[in-house]
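Student: Predicted model and sequence below, questions to follow.
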Amino acid sequence: MTGQLFAQRDCSSYQYQQELLTSDPSLKSSVNSIESFVQQHLKVKASGVAGKPPGGDLPIIKIPVVVHILYNKAEENISDERVFSQIKVLNECFRKLNADSAKTPAVFKSLAADCRIEFQLATSDPLRSNTTGIVRKYTPVTQWNTDDKMKYAAETGDAAWDAKNYLNIWVCNLGRVAGYSSFPGGPAAKDGIVISTVVFGINKKAGYDLGKTAVHETGHWLGLRHIWGDAYCGDDLIDDTPKQSTFTSGCPSGIRLSCSNGPNGDMYMNYMDITLDGCTNLFTKGQSERMRATFETGGGRSSILTSYGLLPPLIYEIPEEEAAPKWYHPHLFPNPAWGEITLDVAYDVRWIGKTLSITNTLGQTMKQVTITARSINIDVSKLRPGIYFITGKKDDGAAIRQKFIKL
């Protein structure tokens, strides 16, 4: 891990969404359609035509979660307890059961909402097999970027489970970025949220130790914008959140005025600001209504309501997890060799499909070999006795150069 402190909660969700829409303009229609539906639904609800069911509260929405843990170092392979703590924090914050809700300023207390949205680790995987809802996978990647590669097995990440049925959460080393999220209407293969290992769950990262980065990113996943609308005095499309000039770093106190939002000032304690964990403590009723609107038919998350992710599995044997490799570098054996050598590249499956060359000490290519599996046997029986090298490069520039002696 970098060991560096984040300058603030570096949420890249807005930039991520803009880059995705720029690279794939066809997404705009889907995203705009869902936004139009949400706006219309909220107008209808505000008019009193739609509301709570007769004589009761809003129904509780349960979201199946799968956590993909990608680790390069042992300390990145976080415990089940860390995962459980994150699910607990999500439920407390979305149900207004968090103890620090008592810190919500009196002027905003009446706006704080129990969203009646809950999260639970999946009990059935996409094949309806038994699952813990936690997937662990070794990766040779030491640090990921916000380019979604962690969401693909071919990039040594882990593929999303069916986005119509699960909230996918990838936990990996994002360097100085705390997290980012997809948005309703985005590509299914990339749907979910990505959280830096160091800020996931209850952790030891000062200022980010209460697991609220995932709360913030899940808000994005459910259609919420940053509270400042990602522009100076911008619009987050929520009526009961006051306009504010920009994000709030650190952990402020008192009234902070901006954008003519007196006398109450900025709602910097809102989960959709980027204030440190100890100073965020509410979603508003308007935010709750907007998130719940995404579960209405046409809202972008409606399929979650009929998900099989929390149903009893049909197959009770839990699939075996992919084992971590025995070696974390190219492994060549036996060496010296007589008739055959074995090359093991299980540490990085991106080598599969690449061509390697066997050269002598003069640099002359004596043989070429295509890697077809994690471990391959190479016939060297026809080579003359001497010193040889196996060399090659893959797409990211990483190289193999292994020396062996042919007897």
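Tutor: Thanks, I have it. What you see is a predicted model; the values in this text were computed from it and never measured.
Student: Next, Val65: secondary structure please.
Tutor: Assigned with DSSP: H, G, I helix; E, B strand; the rest coil, Val65 falls in the strand class.
Student: For it, list each beta-bridge partner.
Tutor: Beta-bridge partners for Val65, by DSSP bridges, are Leu121, Leu167.
Student: Surely it is in contact with Gly133?
Tutor: Yes. If you go by Cβ atoms under 8 Å, Val65 and Gly133 touch, sitting 6.0 Å apart. (C-beta placed from N, C-alpha, C; glycine too.)
Student: between the two, who's got more neighbours?
Tutor: Val65 (26 against 21; other Cβ atoms under 10 Å).
Student: Kindly state the pLDDT recorded for the more buried one?
Tutor: Confidence at Val65, expressed as pLDDT, is 98.
Student: Is there a neighbour count for the residue lying closest to Ile304 once chain neighbours are set aside? I'd like the number.
Tutor: Nearest in space to Ile304, with sequence neighbours left out and distances taken as Cβ to Cβ, 6 or more residues apart in numbering, is Ile63 at 5.7 Å. The tally of other residues near Ile63 (other Cβ under 10 Å) stands at 24.
Student: State the distance from Ile63 to Ile87.
Tutor: As judged by Cβ to Cβ, to the nearest Å, Ile63 and Ile87 stand 10 Å apart.
Student: Overlap in contacts, the two.
Tutor: By Cβ atoms under 8 Å, 6 or more residues apart in numbering, Ile63 and Ile87 have these common neighbours: 119-120.
Student: got a list of what the residue nearest to Ile304 touches?
Tutor: Ile63 touches 117-120, 167, 304, counting by Cβ under 8 Å, 6+ apart.
Student: And the contacts of the longest helix seen in the chain?
Tutor: Using DSSP state H, we find that the single longest helix of the chain is helix 27-46. For helix 27-46, contacts defined as Cβ under 8 Å, 6+ apart pick out 20-21, 50-51, 183-187, 223, 237, 289-290, 293-294, 296, 298-300.
Student: Just the buried ones from these, in ChimeraX syntax?
Tutor: To isolate the buried members of these in ChimeraX, using 16 or more other Cβ atoms under 10 Å:
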select :20,21,183,184,185,186,223,237,289,290,293,294,296,299,300
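Student: In helices, which of the contacts of helix 27-46 appear?
Tutor: Members of those lying in helices (criterion: DSSP H): 20-21, 289-290, 293.
Student: Grab the two from those that are most spread out in space.
Tutor: Spanning the widest gap among the ones in helices among the contacts of helix 27-46 are Leu20 and Glu289, at 25.9 Å by Cβ to Cβ.
Student: roughly how far out does stretch 106-116 sit from the chain middle?
Tutor: Centroid separation between stretch 106-116 and its chain, computed with Cα atoms, centre = their mean, to the nearest Å, is 28 Å.
Student: Over to stretch 238-252?
Tutor: In terms of Cα atoms, centre = their mean, the centre of stretch 238-252 is found 24 Å from the chain centre.
Student: Same check on stretch 25-39?
Tutor: 22 Å.
Student: Pull up the overlap in contacts between Val65 and Gly133.
Tutor: 120-122.
Student: What is the nearest of the ones in helices among the contacts of helix 27-46 to Gln244?
Tutor: Out of the ones in helices among the contacts of helix 27-46, the member with the shortest distance to Gln244 (by Cβ to Cβ) is Arg290, at 17.6 Å.
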